[in-house]
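1. Starting from these lines, generate the structure:
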Amino acid sequence: MAFFAVGTAAACDSPIPPAELHYRLEESDREKGTATALLQPGESGWVYTVTSEGRFGPFRVIIEESSTVTWAAEGPQPLAYQRVSRGGPFKRTSEMAFDWPALRASGTHRGDRWELPLEGGELDRLSMQLATAVRLAQGVRSINLVYIDRGRSRELSADVPAATNVETPAGTYAAFRVDRVRGDRYTSTFHAPRLHFLPVRIDHRDEDDDWSMLLVSAEFGECR
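-> Model prediction:
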């Protein structure tokens, strides 16, 4: 996929324009790394990629997640997802493909192959951010999504409270908080209208890993 220059115009069938966002990763209020999110048109659809780099334990770890989507009236429809994590001598990969005519999803997680039937409307973990942004822009304040994670179907169901001010290194943004809770693990994503409802902050908490991702800068391209 060719890199899309954010500063130029693109023919857009997307409700969200091309974007490049930079974040700071924090753990216990200490900087631990950086992340970059890119939304850009590709050869087979729009590609949303989030690349993070930081130190986890003794290793410098790079994690790249990407989701290729097409756009429908209700939001993104994923075509493919991949997550690659590299740290020291270790490499872990998860990937999946969506076959919508056959209503099947298939993929691999850590070398194990899986297949799953689809009912329609399912997402992957990353395209959920785009779907949430589209729904919030439409005025929806109760988010109900189904997503596929490591070969399993899961649900995100959250009532969205009123927007509150969120402090970031890039400034203060009014943002809507969406909570995804599974057991003792939760992820809170803060979506700002000024950024086309893309995240300005993400907080993740579980028994093994607590971190935050805060916006440092954002740039959007133009559509023609």
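
2. Would you map the helices across this protein?
-> 127-137 (DSSP state H).

3. low-confidence ranges in it?
-> 1-12, 56-57, 207-208, 223-224 (pLDDT under 70).

4. State the distance from the spatially most central residue of the chain to residue 38.
-> Centre of the chain computed as the mean C-alpha position; nearest residue by Cα atoms, centre = their mean is residue 126, 3.3 Å away. Separation of residue 126 from residue 38 (Cβ to Cβ, to the nearest Å): 12 Å. No exception for glycine: its C-beta is placed from N, CA and C like everyone else's.

5. Residue 215 too?
-> 14 Å.

6. quick one: which of these two has more around it?
-> With neighbours defined as other Cβ atoms under 10 Å, residue 215 and residue 38 compare such that residue 215 has more, 26 against 17.

7. give me the beta-bridge partners of the more buried one?
-> residue 23 (DSSP bridges).

8. for residue 94, same thing?
-> residue 83, residue 109.

9. so what's it up against?
-> 81, 82, 83, 107, 108, 109, 110, 150 (Cβ atoms under 8 Å, 6 or more residues apart in numbering).

10. Among those, which one sits closest to residue 70?
-> Distance to residue 70 across the contacts of residue 94 (Cβ to Cβ) is lowest for residue 81, with 13.5 Å.

11. Specify the beta-bridge partners of the closest residue to residue 126 other than its chain neighbours.
-> In this structure, residue 126 finds its nearest non-sequential neighbour in residue 67, 4.1 Å apart by Cβ to Cβ, 6 or more residues apart in numbering. Beta-bridge pairing for residue 67 (DSSP bridges): residue 48, residue 81.
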